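Colleague: need coordinates for the following:
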Amino acid sequence: MLKLIFAATILIASNASAGSIIFRSPTSGTLAAIADPAPTQPEPEQPAFGIRYQPIQVAAGASISIMPIGDVSGYTFAARNPLPPALALDAATGKIIGLAVVAGIYNITIRAAKDSASSDLMLSITIS
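Modeller: Reported below is the predicted structural model:
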């Protein structure tokens with residue numbers, strides 16, 4: 001009978017609902033919940049090899065000439081996805097030239113390589 005009264009006392013004194021788990025400390029009562037630390041912001045990705053492209057916005061029909069920013073000597077460049085129509089990439093300099101003919105937003109990935117290392121550079125071209 002004593003065991004039954006003890007079990008009833010625990011259920012009455014607890015604010016736990018069915019199926020919930022409450023952790024109790026023998027010295028201080030209910031243990032406080034500890035929240036996960038705030039997630040840290042990832043560091044922004046650094047440009048590969050110190051080379052990068054600036055986003056560009058032009059009107060349809062305009063001439064485009066885009067050079068990568070940074071020291072490009074000794075690098076080779078290749079487009080990882082298609083360039084907008086009528087634009088071409090110079091593999092030795094990374095320069096993109098041509099005429100903006102088709103309106104749209106183009107997110108282009110250019111692979112820069114030197115020796116045995118390579119990395120992708122992102123370029124956004126908006127033609128309106």
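
Colleague: okay, and the helix or strand of the chain with the least pLDDT?
Modeller: For the chain, scoring each helix and strand by mean pLDDT, DSSP states H and E identifies helix 2-13 as the least confident one, at a mean of 49.

Colleague: ok, which stretches of this structure are strands?
Modeller: 24-25, 29-30, 56-58, 63-66, 76-79, 87-89, 96-99, 104-114, 117-127 (DSSP state E).

Colleague: tell me the mean pLDDT over the first one?
Modeller: When you say that, I think you mean strand 24-25. When pLDDT is averaged along strand 24-25, the result is 61.

Colleague: cool, and the third one?
Modeller: For strand 56-58, mean pLDDT rounds to 94.

Colleague: now do the second one
Modeller: Per-region confidence: strand 29-30 scores 62 on mean pLDDT.

Colleague: next one: the last one
Modeller: Model confidence over strand 117-127, given as mean pLDDT, is 92.

Colleague: quick one: G74 and K114 touch, right?
Modeller: Yes - using Cβ atoms under 8 Å, G74 makes contact with K114 at a distance of 5.4 Å. Bear in mind the C-beta positions are built from the backbone N, C-alpha and C, glycine included.

Colleague: noted, bye for now.
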